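> here is a sequence with its predicted model. Questions after.
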Amino acid sequence: MLSRNRLALPQMIILIFAALLAACSRGAENASSSSTYHGYLTLAQPEDLTPAQLQDGGLLQVVATTSIVADVVTNVGGDAIELNSIIPRMTDPHGYQLTPGDLRMLHDADLVFINGLGLEEALEQTLAQLPEDIPIVSLSEGIQLRELTSERTDTNADHETEAHADTGVDPHVWFDPLNINVWTDNTAQSLAALDPANAATFQANSDAFHNQLEDLHNWTLTQLEEIPQADRKLVTDHLLMGYFAQRYDFEIINALLPAYSSAASPSAQELADLQDSIRQSGVKVIFIGINSNRQIAEQMARDTSLAVVPLYTGSLSALNGPASTYLTFMQYNVRAIVNALK
């Protein structure tokens, strides 16, 4: 891997400005996105990566986009890598804007891991401008994806929501712990390709994390037994629990924001239709992201006599919080769902 010089501050500012302009001009261009759901990015496949040129004793420099991605990479890479995360904890990944420090971190990376599937759409233009010798790997490559249903695509939404509709897939794959097995394998294979000397360490860490994910899945099944089948119905702030519902046999009744992005805005007609579907379904709870705007949920709760229950959704909690790792993130959410619906 070739050596790289740090970006000067003026160059960083220019890149940020260019990314902001691009984010507002996507529109029809996204309609021709490729089947990999990353219209701006050229993604590297783990099997195609080649060893990085590390100095003696030097660690692989790795960047992850979200705190959830970073936690999985940490479990696999351990002390054999130096890992930085772009989007801070307790921050919604939809619409995050890069800082000059983020750009410097990306430029110094040997490898960048992303969730992919349009989740980091606000970052994609800048990621696409990184040097070709900095590979970008989507951890979600190989997951069986949930397609965006046709009735969800005709919505009154902003730029980001239109992009999710155009890609046609749900990016919130981490709500199914068994999907994280794919993330784990992609991480281990990618790290081993760039740093073969530590391949055995990465594989051992991967095996151990697979066991933890299997334990989490089995624990979740046991916890959810407390919820009667008739009550396994979810209303959320946006369409984010699809993989969870698919894995654990729940029904998605509706969402306050009829899109895969928390940045969407519902129309008056959509809110009226949502109230009707809630009343007909008999649900008693709205689940919203802890970092989400509660205004619409609280108004809907008043109008329909529902309780509002917060969940961690696109980010881990603070390090001293109740959802500071992926495993505790899922445990917190499962307990909250069980307590609300049992």
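Yep, it's here. Numbering: from 1, shown residues only.
> how close does the closest residue to Leu194 other than its chain neighbours get to Val112?
Excluding its sequence neighbours, the residue lying closest to Leu194 (Cβ to Cβ, 6 or more residues apart in numbering) is Ala52, at 4.5 Å. Quick note: C-beta positions are derived from backbone N, CA and C, even for glycine. Look at Ala52 and Val112: by Cβ to Cβ, to the nearest Å, they are 13 Å apart.
> before we move on, back to that, okay, the residue nearest to Leu194: pLDDT?
The per-residue pLDDT reported for Ala52 equals 96.
> between Ala52 and Val112, who's got more neighbours?
Regarding Ala52 and Val112, a neighbour count based on other Cβ atoms under 10 Å identifies Val112 as having more, with 25 against 19.
> how close does that one get to Thr91?
Val112 is 18 Å from Thr91, by Cβ to Cβ.
> now swap in Ile136 and tell me
The value you get for Ile136 to Thr91, if Cβ to Cβ is used, is 20 Å.
> those two: which is more packed in?
Higher neighbour count among Ile136 and Thr91: Ile136, with 22 against 15, using other Cβ under 10 Å.
> for the more buried one, what are its contacts?
With contact set as Cβ atoms under 8 Å, 6 or more residues apart in numbering, Ile136 has these partners: 41-44, 112, 114, 127, 130.
> skip the chain neighbours and tell me the closest residue to it.
Val112 (4.7 Å).
> now do the SS call for the one you found.
Assigned by DSSP: H, G, I helix; E, B strand; the rest coil, the conformation of Val112 is strand.
> show me what it is bridged to.
Taking DSSP bridges as the rule, Val112 bridges to Val63, Ile136.
> read off the pLDDT value for it.
98.
> do Ser32 as well
Note on Ser32: pLDDT of 29.
> what does Met300 give?
Predicted confidence (pLDDT) for Met300: 83.
> could you measure from it over to Arg232?
As judged by Cβ to Cβ, Met300 and Arg232 stand 20 Å apart.
> okay, the two: which has more neighbours?
Neighbours per residue, other Cβ under 10 Å: of Met300 and Arg232, the larger number sits with Met300, 21 against 15.
> for the strand or helix carrying the more buried one, name the packing helices and strands.
Here Met300, judged by DSSP states H and E, is contained in helix 295-304. In terms of contacts (3 or more Cβ pairs under 8 Å, 6 or more residues apart in numbering; DSSP states H and E), helix 295-304 is packed against strand 251-257, helix 268-281, strand 285-289, strand 307-311.
> tell me, how many residues neighbour the closest residue to His238 other than its chain neighbours?
Of all residues not flanking His238 in the chain, Leu257 sits nearest, at 4.1 Å (Cβ to Cβ, 6+ apart). Leu257 has 27 neighbours, counted by other Cβ under 10 Å.
> hmm, Leu257 is touching Leu240, no?
No - in this structure, Leu257 is not within contact of Leu240 by Cβ atoms under 8 Å, at 9.7 Å.
> domain-wise, how is this structure divided?
With domains defined by automatic domain parsing, the chain comprises 9-197, 215-341.
> worst average pLDDT in those?
Minimum mean pLDDT among the domains of the chain: domain 9-197, a mean of 81.
> what sits against Leu311?
Leu311 neighbours (Cβ under 8 Å, 6+ apart): 287-290, 332-333, 336-337.
> now it: how far from Val169?
21 Å.
> mind listing what's buried along stretch 92-106?
Under the neighbour-count criterion of 16 or more other Cβ atoms under 10 Å, stretch 92-106 has 92-96, 98, 100, 102-106 buried.
> neighbour-wise, which of the contacts of Leu311 leads?
In terms of neighbour count, Ile288 stands highest of the contacts of Leu311 at 28 neighbours, by other Cβ under 10 Å.
> pretty sure that one contacts Glu298?
No - Ile288 is not in contact with Glu298 according to Cβ under 8 Å; the separation is 9.1 Å.
> which residues do those two both contact?
In contact with both Ile288 and Glu298: Val308, using Cβ under 8 Å, 6+ apart.
> what number of residues lie near Asn211?
Neighbours of Asn211 (other Cβ under 10 Å): 10.
> pop out the phi and psi values for Val235.
phi -120, psi 130 (degrees, to the nearest 10).
> check contacts around it.
So Val235 contacts 253-256, 274, 278, 281, 283, 285-287, 306 (Cβ under 8 Å, 6+ apart).
> please redo it, this time with the cut-off set to 6 Å
With contacts defined as Cβ atoms under 6 Å, 6 or more residues apart in numbering, Val235 is in contact with 253-254, 283, 286.
> neighbours of Ala208, how many?
13.
> so it: helix, strand or coil?
Under three-state DSSP, Ala208 comes out as helix.
> ok, now which ones touch it?
No residues are in contact with Ala208 under the rule Cβ under 6 Å, 6+ apart.
> quick check: pLDDT value at it.
At Ala208, pLDDT is 98.
> quick one on the thing from earlier: looking at the contacts of Leu311, spot the one nearest Val182.
Comparing the contacts of Leu311 against Val182 with Cβ to Cβ picks out Asn333 as the nearest, at 19.8 Å.
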